[in-house]
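> Model the following, please.
(chains A and B)
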Amino acid sequence: MSGEVKLVGFLCNWCSYAGADMAGTARMKQPANLRVVRLPCTGRVNPLLVLKAFKSGADGVLVSGCHPGDCHYNEGNYYARRRLELLARMLPVYGIEPERFRYTWVSAAEGARWAQVVAEFTAQVESLGRLDSAAALPEQIFEGRPADE
Amino acid sequence: MSDLISTIQRTLEEGADLVLGWTRSATAGVAVPVRFYDSAEAEAAVFDSTCVHNLAVHLPRLKDRTVGIVAKGCDVRSIVELIAEREVARERVKIIAVPCPGVIDVKKVWRCFGYGKKCEDAGGQVAMEGKTAAREEILLAKCRGCRDVTPVIFDQAVGDAESLSAPAPAAEPAGLRERFRAMSPAERRGFWREQFSRCIRCNACREACPMCFCRDVCTMQTRDPHWAGGEIDAAEAQMAQQIRVSHLAGRCTGCEECERACPVGIPLMLLLEEQNEAVAALFGYRAGTDPAARPPLLTFDNNKDSWGER
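Next up, the predicted model:
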């Protein structure tokens, strides 16, 4: 389980994407593991996007949008927050460490905060390593199927 | 049984187009679901611990009819959630509540007595071809420690108020769920990989689920976007199930039909119970307990919704 971790970021167009852009134009140093996907709003983040990203080889997923109260569409991130929090609690059930997923709020003016979020999150996922489900498979975890109980 | 039959007949007389219930079959191991269209047909109605199905699954497909339905307490919760989701109109469904002793787990029966044997309920004992088992021993997991004996709403009741609030069979001793909870994330990944490697993609979980009413627009099977592949593959099967589980967020009433219907014994309720608990903890919502409720993911509450995110 070596190699660089791959991270996917789902960013809202109006705040976090602009914040990330600002961090870039200000030439703030940040790890380059994160692939950014721009969406109109965190309200567009179907939890399945996150699940599919993990299934397709992402080692961590970051969702970032406008601060609560600042949504360009007034309430998109309020709906998103409920879905994302529930998703965050379901990921460990599927066997994905909670540290591999984070949702956060970064405004268009917070370039420095964006660089910090990315650095923090990358370090957090790096400490866990790659999410290689096949390699993580112990020989025999479960003696007998539930039907045999 | 005569009380049940007369109640079904009364419901038909009072204007129901049909009544969903159970009857005895010559071949099936348990009672079989059936539609009663008139009083004569209703003479064949039965209810006992072999009436395992959740008949609420048929309601979204009978929207244009007035439907009577024989329902256990847990089935009523599914009906209530369907009403809350505007999938079924309250005045179009006539609920016949029955006092439920708990229903049997056919897979446990098969394990005790062999495959496909016909079983009959004789008050506390379930009999199969000369052999008997205590009903408690072979109940579905949901029936042990059931919280839904008393129906949330109903139009007609079979039996008195006392029998509709009889205590449920005692809760099951800690089992698979405790072992699952003790696993590390990596172990859980392996656990699910092993479980879903048995999935044959029959979609029985979806078909048996009263809340899976999208039918031919099911996201588990869309090709554009291609959320989950259709092949026999543990990762694709798991993705498909994750789709179903997330679409049941705040809607699953825990009726356990998916797990009962699963022909390969994947413990799907582990996923759904964890999610139901998370929904209860986050939003204080228990699906199917209030027909006027707003499903939790279709709304938000600025004053309460904050879980320490940064």
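> all strands of the chain, in order?
I went with chain A, as the question did not name one. Along chain A, the stretches classed as strands by DSSP state E are A:7-12, A:34-39, A:60-65, A:101-105.
> if you could check chain B rather than the one you did, that'd help
B:18-23, B:32-36, B:45-46, B:67-71, B:93-97, B:120-122, B:125-128, B:131-134, B:156-157.
> coming back round to it: now the strands of chain A in TSV, with mean neighbour count?
(C-beta placed from N, C-alpha, C; glycine too.) Formatted as TSV, those follow (neighbours: other C-beta atoms under 10 Å in any protein chain shown):
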stretch	mean neighbour count
strand A:7-12	25
strand A:34-39	16
strand A:60-65	28
strand A:101-105	23
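> possible to save those as JSON lines with mean pLDDT?
JSON lines is the format used below for the strands of chain A (pLDDT from 0 to 100):
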{"stretch": "strand A:7-12", "mean pLDDT": "97"}
{"stretch": "strand A:34-39", "mean pLDDT": "96"}
{"stretch": "strand A:60-65", "mean pLDDT": "97"}
{"stretch": "strand A:101-105", "mean pLDDT": "97"}
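> Find the closest residue to chain B in chain A.
Closest residue of chain A to chain B, C-beta to the nearest C-beta: A:Gly95 (3.3 Å).
> For stretch B:279-290, which residues meet the burial criterion?
By 16 or more other C-beta atoms under 10 Å in any protein chain shown, the buried positions in stretch B:279-290 come out as B:Val279, B:Leu282, B:Phe283, B:Tyr285, B:Arg286, B:Ala287, B:Gly288, B:Thr289.
> Between those residues, which sits nearest B:Thr150?
Closest approach between the buried residues of stretch B:279-290 and B:Thr150, by C-beta to C-beta: B:Thr289, at 11.3 Å.
> okay but the closest one is in contact with B:Arg77, surely?
Yes - assessed by C-beta atoms under 8 Å, B:Thr289 is found in contact with B:Arg77 at 6.8 Å.
> list the residues that contact both of those two?
Both B:Thr289 and B:Arg77 are in contact with B:Val152, where contact means C-beta atoms under 8 Å, 6 or more residues apart in numbering or on different chains.
> residues in contact with the lengthiest helix in chain B?
For chain B, the helix with the greatest residue count under DSSP state H is helix B:268-283. Residues from elsewhere that reach helix B:268-283 (C-beta under 8 Å, 6+ apart): A:82, A:85-86, A:89-90, A:93-94, B:141-142, B:176-177, B:180, B:205, B:241, B:245, B:248-250, B:252, B:254, B:256, B:258-259, B:262, B:285-287, B:296, B:307.
> Whichever of those end up buried, select them in PyMOL.
Those of the contacts of helix B:268-283 that count as buried under 16+ other C-beta under 10 Å are selected in PyMOL with:
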select buried, (chain A and resi 82+85+86+89+90+93+94) or (chain B and resi 141+142+180+205+241+245+248+249+250+252+254+256+258+259+262+285+286+287+296)
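> I figured B:Glu136 hits B:Pro169, correct?
Yes - using C-beta under 8 Å, B:Glu136 is in contact with B:Pro169, at 5.5 Å.
> hey, what's in contact with both of those two?
B:Gly102.
> Which residues of the stretch 201-310 of chain B lie near chain A?
B:219, B:227, B:235, B:238-239, B:242-243, B:245-246, B:249, B:265, B:267, B:270-271, B:274-275, B:278-279, B:282-283, B:296-297, B:300, B:302, B:305-307, B:309-310 (C-beta under 8 Å from any C-beta of the partner chain).
> go with 7 Å
The stretch 201-310 of chain B comes close to chain A at residues B:227, B:235, B:239, B:242-243, B:246, B:249, B:265, B:267, B:271, B:274-275, B:278-279, B:282, B:296-297, B:300, B:302, B:305, B:307, B:309-310, as judged by C-beta under 7 Å from any C-beta of the partner chain.
> Name only those of those residues that count as buried.
The neighbour count (16+ other C-beta under 10 Å) marks B:227, B:235, B:239, B:242-243, B:246, B:249, B:267, B:271, B:274-275, B:278-279, B:282, B:296-297, B:300, B:305 as buried among these.
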